[in-house]
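Trainee: Need coordinates for the following:
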Amino acid sequence: MVNDDLEQGRSRRLRQYAIEQALARLVTERPGFEPESIVAAICAYEEEGNIAGVLEKMPVSLDGQTYTTLVVVDGGDDRTAEIARSFPGVVVIEFPVNLGHGVALQVAYRYCVDHAVQFVVTLDADGQNDPGEIAQILAPLVADQSDFVLGSRVLGVDKTSDRIRKSGVRFFSFIMNRMTGAGLTDTSTGYRALRVTMLADVVDRLRQQQYQTSELLITCLKRGWRASEVPTIWHPRHSGATKKGATWIYGFRYARVVFGTWWRER
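Mentor: Alright, predicted model coming up:
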């Protein structure tokens, strides 16, 4: 047990050091920079074949309002960070090592909390989400109808071909609805809009280095925040392979996070 505690402490300190290095580099690259009140956050790990296509599709404004595009590059050995930096106005936080998708999201959330951002929209770096839909996913937050808006591929259109994963989306939505009473159709989507005051309430409770989608949603629901959905179109990955692992491994790990978070927050 003592050795386990020492190892966990060492890993935690190394992770924090890597995050501090990334944030310090951002300050050096963009001294005095402050984000807009809306941030579109894209977490990317070795997506050099996809990130340019996503950034090219980012809208000029959101119903006339300016916003900041933030790319959190989760380590890796390819040109993802270099390509993201080549786009004018794109802000990049680059980890020196791979820390995990959940950690990258937490850093994006904390950045938005620390800089008094009002809303943050998260979308994938692999081309599966259409940036042109950001405004409609954000709309219920702007209208103060919701605090957590999910882009639902079940209400919309799922153009991917993996039937097992499609079944998994519905299965885990059923499980999470039974746990929380939420009545949502797509609880595992990474395309979502979030009120930053809600993130300030929950970010210190997040623990997952991967598979953080369900942890965030369950924690927010259990703490009384409002969740809703809008239809979205889910496209096949533009290039490369998913980083989530084989379908059965992903399903097992995702289930572990779902039940673990529910037990912690019950």
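Trainee: CA only for contacts and neighbour counts going forward, please
Mentor: OK.
Trainee: got the contact list for stretch 220-227?
Mentor: Contact with stretch 220-227 is made by 146-150, 180, 182, 198, 202, 265-266, as judged by Cα atoms under 8 Å, 6 or more residues apart in numbering.
Trainee: So R15, which state does it fall into?
Mentor: Three-state assignment for R15 (DSSP: H, G, I helix; E, B strand; the rest coil): helix.
Trainee: Equivalent analysis for N98, please.
Mentor: On the basis of three-state DSSP, N98 is classed as coil.
Trainee: for it, phi and psi?
Mentor: phi -70, psi 120 (degrees, to the nearest 10).
Trainee: still on that earlier bit, Serialize the contacts of stretch 220-227 to TSV and add fields for secondary structure and neighbour count.
Mentor: Shown next, in TSV, are the contacts of stretch 220-227 (DSSP: H, G, I helix; E, B strand; the rest coil; neighbours: other Cα atoms under 10 Å):
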residue	secondary structure	neighbour count
S146	coil	19
D147	coil	24
F148	strand	28
V149	strand	24
L150	strand	27
T180	helix	16
A182	coil	18
M198	helix	19
V202	helix	16
E265	helix	15
R266	coil	12
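Trainee: Just the closest of those to R192, please.
Mentor: Closest approach between these and R192, by Cα to Cα: L150, at 4.4 Å.
Trainee: Tell me who's in contact with the closest one.
Mentor: L150 makes contact with 137, 186-187, 189-193, 227-230, according to Cα under 8 Å, 6+ apart.
Trainee: one more time with 7 Å
Mentor: 189, 191-193, 228-230 (Cα atoms under 7 Å, 6 or more residues apart in numbering).
Trainee: For the stretch 1-150 of the chain, just list every one of the helices.
Mentor: All helices of the stretch 1-150 of the chain, identified by DSSP state H, counting those that start in this stretch, fall at 2-29, 51-56, 80-85, 101-114, 134-142.
Trainee: wait, which of those is closest to R256?
Mentor: Taking Cα to Cα, helix 101-114 is the member of these nearest to R256, at 14.7 Å.
Trainee: and V90, how many neighbours does it have?
Mentor: Counted by other Cα atoms under 10 Å, the residues lying close to V90 total 14.
Trainee: So what sits opposite the closest residue in space to it that isn't next to it in sequence in the bridge?
Mentor: Excluding its sequence neighbours, the residue lying closest to V90 (Cα to Cα, 6 or more residues apart in numbering) is T69, at 5.3 Å. Assessed by DSSP bridges, T69 has beta-bridge partners A40.
Trainee: Can you check the pLDDT for T69?
Mentor: On pLDDT, T69 comes in at 98.
Trainee: ditto for F87
Mentor: The model's pLDDT for F87 equals 97.
Trainee: Can you report phi and psi for it?
Mentor: In terms of degrees, to the nearest 10, the main-chain angles of F87 are phi -90, psi 120.
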